[in-house]
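> okay, predicted coordinates and the sequence, questions at the end:
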Amino acid sequence: MRFNPFIIIKLVLVVFTCVGLGLTFFMIIQEVKIVGAYLVSGLFILVPGTILYGLLFGFRISEKTRRKQAERQETITFSDAGISYQMPLFDVTQLIEWKTIETVIFTDYQSDDHAQFIFHLTQLPIQTKTAKPWFLNRIFPFTPGNPKEIRIEDDCANFHEIPQMLYKYLDNVNLIDLNQNYKKGTLLSSKITTRNNTIKTEEFWKPDPDYERQKLIFDKYNRAIEQIKQN
């Protein structure tokens with residue numbers, strides 16, 4: 001029998017919450033007057049209880065918060081000039097010209113929070129600042145560690161359009177289907193629930209230990225990924 005890891009996590013959270021409730025009840029019965037003890041028991045209730053609520057019901061985000069998140073979200077757009085990479089958090093926009101792209105590699109590691117495209121360039125991207133940057137960005141301007149290496153993660157708006165745009169503007173591009181989860185190995189369990197006329201399917205997969213973590217999407221000189229790593 002295979003255990004669903006999410007069920008185990010939820011059970012652990014329930015146990016911690018019950019421990020906190022039991023400890024608080026015990027201290028009330030014993031008339032304990034140590035404030036620190038109540039703080040500890042309160043944390044045992046609040047922290048796992050909050051996480052458990054989020055796993056079961058999700059957290060609601062206000063429309064105002066959604067708008068602010070959208071305003072701060074990184075975005076890429078495409079044109080004949082190149083890829084425009086907008087970073088509102090730093091009040092900076094970088095233009096990656098098509099002719100300057102030497103190599104593009106897609107990476108998706110189990111240990112990383114995000115999949116990403118890594119662009120290796122022959123020239124620096126054209127960088128522009130907003131007219132009125134935030135005061136901290138004026139004091140500490142954006143300075144990339146490796147200016148000829150641009151990393152665009154999958155939480156960036158229009159991220160999924162990158163393969164098709166590369167295919168449109170560059171030659172010898174290896175297309176990749178970003179809708180396919182290459183990490184999936186063996187299906188452990190599947191659950192179908194119906195709520196408010198909406199059918200929801202939850203699948204839990206065992207990761208494939210041999211999946212390809214790096215995929216070469218484009219190389220200007222048609223090199224293999226092993227050759228690129230050696231340079």
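That came through fine. Numbering: from 1, shown residues only.
> thinking H120 is in contact with E149, fair?
Yes - here H120 reaches E149: they are 5.8 Å apart, a contact under C-beta atoms under 8 Å. Using the backbone N, CA and C atoms, a C-beta is placed for each residue, glycine as well.
> give me the more crowded residue out of these two.
H120 (19 against 12; other C-beta atoms under 10 Å).
> mind checking the SS state of the more buried one?
At H120, secondary structure determined by DSSP: H, G, I helix; E, B strand; the rest coil is strand.
> residues in contact with it?
Contacts for H120 were tallied using C-beta atoms under 8 Å, 6 or more residues apart in numbering; they are I101, E102, T103, V104, I105, K148, E149.
> can you tell me how far the first one sits from I28?
When C-beta to C-beta, to the nearest Å is applied, the distance between I101 and I28 equals 66 Å.
> please say which of these two ends up with more neighbours.
Set I101 next to I28 and count neighbours by other C-beta under 10 Å: I101 wins out with 22 against 11.
> let me know the pLDDT of the more buried one.
I101 is assigned 97 on the pLDDT scale.
> how close does it get to Y109?
Distance, I101 to Y109, by C-beta to C-beta: 23 Å.
> and what of D91?
In this view, D91 and Y109 are 30 Å apart by C-beta to C-beta.
> can you check N172 too?
Distance of N172 to Y109, given as C-beta to C-beta: 25 Å.
> who has more neighbours, these two?
Neighbour tally, N172 and Y109, criterion other C-beta under 10 Å: the higher count belongs to Y109, 12 against 9.
> what's the distance between the more buried one and I199?
Separation of Y109 from I199 (C-beta to C-beta): 32 Å.
> just to revisit the earlier point, so which of the contacts of H120 belong to strands?
Members of the contacts of H120 lying in strands (criterion: DSSP state E): I101, E102, T103, V104, I105, E149.
> give me the contact list for the longest helix anywhere in the chain.
Across the chain, the longest stretch assigned as helix under DSSP state H is helix 5-29. With contacts defined as C-beta under 8 Å, 6+ apart, helix 5-29 is touched by 37-38, 40-49, 51-52, 55-56, 204.
> buried members of the residues you listed into ChimeraX, please.
With 16 or more other C-beta atoms under 10 Å as the criterion, this ChimeraX line picks the buried residues out of the contacts of helix 5-29:
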select :41,44,45,48,49,51,52
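> so the helix or strand hosting V40 versus helix 5-29, what angle?
If you go by DSSP states H and E, V40 is part of helix 35-57. Angle, helix 35-57 to helix 5-29, by axes from the mean of the first three to the mean of the last three C-alpha atoms, to 10 degrees: 150 degrees.
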